[in-house]
Structures are given as structure tokens and as C-alpha cells.
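[1] Here is a sequence with its predicted model. Questions after.
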Amino acid sequence: MSDLDLRIGTFRYDTTEALFDGSVTVDGARGTTMSTAATLPEIFERMARGDGVDVSEFGLTFLLRALDQGVPFVAIPAFPVRVFRHSCVFVNTDSGIAEPADLVGKTIGEFGVYGQDSGVWAKGILADEYGFRPERNRWVIGGLEHPAPPFTFTSHPHPDDLDITAAPDGRTLSAMLDAGEIDALFTANVPQPFLEGSPHVTRLFGDYEPVERDYYRRTGNFPIMHTVVARRELLETHPGLARAIYTAFCDAREAGARRYRQFRHLYQTPVMLPWVNALIEKNDRLFGEDWWPYGVSANWTALDTFLRYHHEQGLSARRWTVEEIIAPDLLDT
């Protein structure tokens, strides 16, 4: 493995910063080149097309779609992005949607593809908790802040009974929500009209934090959006590489967590957010000291839940198992 120059694609997060600044490296690789992009779909597309990266952050839904197409990807159980998703459902204030039951029969937007990672979680949670059924809705796929067609680097499976259309040319989902052209939006990012204080856009769950904390207490699910993937033949050609990559991502995440712990001594003065100490103490009581676990055992429930949702929503040809998608020599993590 010492002859390997490894190219890793990921966004620059506090969980990956140490990989970018070189304070954490992949043991045994001759060199590591970090690659990022302006948007996450660009990173995913590079991996999907085999363009300039060997290992990459990758959305869980895009991994499962690739596996259904026979692409020999395998997941390394590091999870740089995870977000509670009650907060990702936005509605037009004139749509008549005040609670989840009001979503029935409405037109809902989704960015890039039907079944984004955030959308899979939102639909699954709403189905489990409130009886939501996606086939009762109309779905519009497009760009969030810039007009864009559905993604071309991935497959687009969906149940035959779903009403799915592309957004009109030149229109964005954010603008359509603000104008009432769609009633709701399931989104990975906060729409700009909401950030600008538009009176026409609000969240379905206005006070979402206690709802999401209660969801975690009851289910143990901290929703995972992205994992890290490599091609199976790369890992088979270089024994020990999967473990080395996993360890590097763990070390980088720990470096970020350690900064937060150290900042507590200074009342988080290096961070421009008031009361961060109080938030960390609150999170410690809920999650314990490891708020952002990597590895299979600590994330089995969340992974298995996503795999179930993906199949139930007609996005997977079959019900994948955790053991099938994770690198075999990392199932003990």
C-alpha cells in the first residue's frame, strides 16, 4: 500500500478539517490528496463517474442506487454528515398545511432527485410517526436556488404510482415555494426565502428541536445522510486500506470534537455563537460524550432504518442489509 497515492473527495467540515490541513493522514498511503467542490452533488458525481477521486463522501441513497446498478462500491462506516430531519420540511403559509396530516394531496418539491437522503429520512419519519404516504402527493424535482434538471449521474427509481415531474424551465424550488406554486419542500438546505424572512415560507415543525430530541430518545436514530465509499477492487487490491481510511476519518472527527471540548475551558470564545457551552452540556446529557459516532455497532439502528425506508419508498430493488453495504473487515467497528 506504500505505493498508493490516494485521492479523497469530501466537503470541508469540522469532522474532516484535519484531513485537509494534513494533521491527520491515511496510514500506509504514500500520499493523500484532498479534493472538494462548490456543491456536494459535484463531489458525488466525481465518485459516480470515477473522475479524479478514489474514496469519497457519498450520499446513502446514491450508494444504494449504485449498488442496485451493480457498481462495486462499498461503504466505510464514517459519517461526516448527519442531520435531524423534522426541521427540513418547509411549507407555504397559504397552503393550509399546519400539521403532518395536512400534507395529503399537496404538491411537494425535492432537490435533484426523488429520494434525496434528507427526503428519504423525512418521508420515513413522517410515515412512521404520522402515517404519511408519498403516493398521495405530487412531486416536483428541480434545483433549490438555481434552475437545474434532475441529476444525471444517478438512477431515478420510484414507484409507478407516483406523480413526479421536473420543475419548469427557469424555475427554482425555493421561488416556487415562496410563490405558492408548490405547497411544501423537503430539502437538505434551508431555502433562501426562509432565511430572508419571507412571510410565505415556514417550517412544518416550527419548534423542531424538542421534537427531534424526543425522536432521538425514543428511537436512537441520529439520521445519517452521507458515508464514505470506495470501489471494492481498490480495497481488495490494498489489504488494510479500508481500516486505514476508517481510522483517518475517525481521527479527523476526534480532532474536531477535541477542539470543542478544549474550547469549553474558554467558554467557547473561539466560536462566534453565544451559549455554545450550554448546548454542548445539553447534548452531553442526551448523547453522552460521543455525539457523532462512527463505526457499525453505534450506528446499526440508523443505518438499518435508512435501508428500510429506502426499500419501503420504492427506491431500492430489494431490502439491503447493513452487512452487505459495509466493507467486510470493518463490520467489527
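    Alright, I've got the coordinates.
[2] quick one: average pLDDT of the lengthiest helix in the chain?
    Ranked by residue count and defined by DSSP state H, the top helix of the chain is helix 241-263. For helix 241-263, mean pLDDT is 96.
[3] could you dump the following helix or strand past that helix to CSV, C-alpha only?
    Using DSSP states H and E, the next helix or strand after helix 241-263 towards the C-terminus is helix 276-287. Taking Å, rounded to 0.1, in the frame of the first residue of the first chain, the C-alpha atoms of helix 276-287 are listed here in CSV:
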residue,chain,number,x,y,z
VAL,A,276,-22.4,27.1,22.9
ASN,A,277,-21.2,25.7,26.2
ALA,A,278,-24.8,25.3,27.3
LEU,A,279,-25.7,23.5,24.1
ILE,A,280,-22.7,21.1,24.5
GLU,A,281,-23.7,20.3,28.0
LYS,A,282,-27.3,19.7,26.9
ASN,A,283,-26.1,17.4,24.1
ASP,A,284,-23.8,15.5,26.5
ARG,A,285,-26.8,14.7,28.6
LEU,A,286,-28.7,13.3,25.6
PHE,A,287,-25.9,11.7,23.6
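[4] which residues are in contact with helix 276-287?
    Residues from elsewhere that reach helix 276-287 (CB atoms under 8 Å, 6 or more residues apart in numbering): 213, 216-217, 222, 260, 263-264, 267-268, 291. Using the backbone N, CA and C atoms, a C-beta is placed for each residue, glycine as well.
[5] tell me the helices in the chain, going along the chain?
    Here the chain has its helices, by DSSP H, at 17-20, 40-49, 60-68, 117-130, 173-179, 192-195, 208-219, 232-237, 241-263, 276-287, 300-312, 322-325.
[6] by contact count, what packs against the fifth one?
    Put plainly, it is helix 173-179. Counting contacts by 3 or more CB pairs under 8 Å, 6 or more residues apart in numbering; DSSP states H and E, helix 173-179 packs against strand 89-92, strand 107-111, strand 138-142, strand 184-186, helix 192-195.
[7] Which positions in it come out as buried?
    For helix 173-179, the neighbour count (16 or more other CB atoms under 10 Å) marks 173-178 as buried.
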